[in-house]
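Novice: here is a sequence together with a model predicted from it:
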Amino acid sequence: MTAINELFREHVLRTRFELTLTRNQISVLVELDAFKRSTGPYPNWVHFHGLSGMSGLLRRGLVREVHWPMGDGNTYEITRAGELTLELLKEAGIYQHHLSEERPEQAR
């Protein structure tokens, strides 16, 4: 049985099942996924830390901050809920649009 992501559960079930993402949150999630796919699973925490939208992804349980003992501090990991959200973004063509449109430096 899959472990329950309590942050995601709390966020989407406040009044009904609802997941709302801002343009910046989508952009950061897409960029984090693209970065992971191109360079490996452990992106530099400094590169993504403080980006507008990251704190919302963390609060929603779509991304988590993890300590990477072999690196220089922390990194971000996309949760299962985040992976499923990325699949929905791909299905709707939003993933491709955000990947071609802007980089996280522009979303600050």
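Specialist: Alright, I've got the coordinates.
Novice: if I look at the spatially most central residue of the chain, how far off is Thr15?
Specialist: Nearest residue to the geometric centre of the chain (Cα atoms, centre = their mean): Leu29, 3.5 Å. Leu29 sits at a distance of 23 Å from Thr15 (criterion: Cβ to Cβ, to the nearest Å). Glycine gets a C-beta too; all of them are placed from N, C-alpha and C.
Novice: thinking Ile78 is in contact with Lys36, fair?
Specialist: Yes. Contact status for Ile78 versus Lys36: in contact at 7.0 Å, counting by Cβ atoms under 8 Å.
Novice: compare neighbour counts for these two and give me the winner.
Specialist: Ile78 (20 against 16; other Cβ atoms under 10 Å).
Novice: pull the contacting residues for that one.
Specialist: With Cβ atoms under 8 Å, 6 or more residues apart in numbering as the criterion, the residues that contact Ile78 are Leu29, Leu32, Asp33, Lys36, Leu62, Val63, Leu86.
Novice: now the residues you listed in TSV, with secondary structure, pLDDT and distance to His11?
Specialist: What follows is the contacts of Ile78, written out as TSV (DSSP: H, G, I helix; E, B strand; the rest coil; pLDDT from 0 to 100; distance: Cβ to Cβ, whole Å):
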residue	secondary structure	pLDDT	distance to His11
Leu29	helix	94	14
Leu32	helix	90	18
Asp33	helix	92	19
Lys36	helix	84	22
Leu62	coil	97	9
Val63	strand	95	12
Leu86	helix	97	16
